[in-house]
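Q: Quick check, what structure comes out for this input:
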Amino acid sequence: VTVMGSIGSTDATSATSKKYLSGHCGTGLFTLTGGHNFPDTPGKRLVLNNVLLGSKVAENIALGTDTPLLGKLKNNYGVVDPDNIASGSPNDYLNRLINGFNSPTQLSDRILPEIGNQQPATDQGIASRVATLTSRFVVVPITDIPPEVPGNNSANATATTIYDLVGQDNPNGVYNPASYSFGASVRIIGYALFEILDPTEWTRVGTNIQPGDAGDLGPAQSGQIRGKFIRYIVKPGEMPVN
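A: The predicted structure follows:
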């Protein structure tokens with residue numbers, strides 16, 4: 001039997017309580033869990049997933065500190081330029097964030113990512129949005145990487161989200177790939193309604209991982225937008241895209 005989770009000691013052999021076991025019986029594999037009440041542990045979902053997958057990989061979880069995780073480097077920060085005109089006023093992003101985009105978009109449209117994290121404008125725009133209850137609600141496009149992008153731009157051959165895209169398109173207002181060879185844009189596959197959250201609503205309680213922590217996304221950082229999903233307007237997959 002492999003002890004995958006225990007209570008009372010960092011050494012599984014001397015722990016007072018064995019909570020998660022895995023092993024072989026005959027030609028079969030079994031997993032057994034005594035519940036997921038691991039105090040101060042941010043890995044409850046990890047444990048549950050391991051049970052469902054029959055995993056036998058034990059991993060120690062450091063408690064009490066926020067340990068940075070290494071991931072893919074961002075090339076974009078998720079900002080889009082929905083008028084599909086690469087050049088424009090430096091205040092375009094701020095104006096769209098505060099007032100919305102007032103021209104139509106639709107499923108299958110390709111839209112431009114906008115370079116840079118727009119940190120000061122984002123903070124100003126969010127402050128304006130959360131000032132009143134009604135302005136907190138926004139409809140946002142849900143996007144993916146369109147099928148032609150990897151072929152049109154080899155630098156984006158492995159891109160899976162807007163954050164991975166390298167380069168910039170300049171279609172001058174064109175949205176249809178039949179009229180412009182997009183190589184660094186995203187495709188609209190749905191729409192959703194979100195409520196923008198005030199930064200004070202998701203500031204971590206304390207600075208370390210702890211029981212009852214309401215800041216599971218981490219401390220507030222300048223330049224971030226966080227929102228609460230309300231409902232789909234068009235759920236991805238419900239209507240065809242091309």
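Q: what about residue 175, which SS state?
A: coil (DSSP: H, G, I helix; E, B strand; the rest coil).
Q: what about the nearest residue to it once chain neighbours are set aside, neighbour count?
A: Excluding its sequence neighbours, the residue lying closest to residue 175 (CB to CB, 6 or more residues apart in numbering) is residue 109, at 4.2 Å. Quick note: C-beta positions are derived from backbone N, CA and C, even for glycine. Residue 109 has 22 neighbours, counted by other CB atoms under 10 Å.
Q: which helices and strands sit right next to the longest strand along the chain?
A: In the chain, assigned by DSSP state E, the strand with the most residues is strand 186-196. Other elements packing on strand 186-196 under the criterion 3 or more CB pairs under 8 Å, 6 or more residues apart in numbering; DSSP states H and E are strand 110-113, strand 137-144, strand 227-234.
Q: repeat that with 10 Å
A: Counting contacts by 3 or more CB pairs under 10 Å, 6 or more residues apart in numbering; DSSP states H and E, strand 186-196 is packed against strand 110-113, helix 119-129, strand 137-144, strand 227-234.
Q: Turn these into JSON lines, including mean pLDDT, distance to residue 22 and mean neighbour count.
A: Shown next, in JSON lines, are these (pLDDT from 0 to 100; distance: least, CB to CB, whole Å; neighbours: other CB atoms under 10 Å):
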{"stretch": "strand 110-113", "mean pLDDT": "95", "distance to residue 22": "43", "mean neighbour count": "22"}
{"stretch": "helix 119-129", "mean pLDDT": "92", "distance to residue 22": "45", "mean neighbour count": "17"}
{"stretch": "strand 137-144", "mean pLDDT": "94", "distance to residue 22": "36", "mean neighbour count": "17"}
{"stretch": "strand 227-234", "mean pLDDT": "92", "distance to residue 22": "35", "mean neighbour count": "13"}
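Q: Distance of the nearest residue to residue 187 once chain neighbours are set aside relative to residue 126?
A: Counting by CB to CB, 6+ apart, residue 187 lies nearest to residue 146, which is 3.8 Å off, once chain neighbours are set aside. Taking CB to CB, to the nearest Å as the measure, residue 146 falls 29 Å from residue 126.
Q: Equivalent analysis for residue 30, please.
A: Distance from residue 30 to residue 126, by CB to CB: 50 Å.
Q: repeat for residue 198
A: For residue 198, the distance to residue 126 - CB to CB - is 8 Å.
Q: Now for the two: what residues contact both?
A: Common neighbours of residue 198 and residue 126 are listed as 136, 226 (criterion: CB atoms under 10 Å, 6 or more residues apart in numbering).
Q: which residues of this structure fall in helices?
A: 44-53, 92-99, 119-129, 149-152 (DSSP state H).
Q: just the angle between the longest one and strand 186-196, please?
A: Following axes from the mean of the first three to the mean of the last three CA atoms, to 10 degrees, one obtains 50 degrees for the angle between helix 119-129 and strand 186-196.
Q: Excluding its own residues, what touches helix 119-129? List them.
A: Residues contacting helix 119-129 (CB under 10 Å, 6+ apart): 77, 79, 90-100, 118, 135-138, 195-199, 221-227.
Q: Quick one: buried ones out of those residues?
A: Buried residues within the contacts of helix 119-129, counting neighbours by 16 or more other CB atoms under 10 Å: 77, 79, 92-94, 96-98, 118, 136, 138, 196-197, 199, 224-225, 227.
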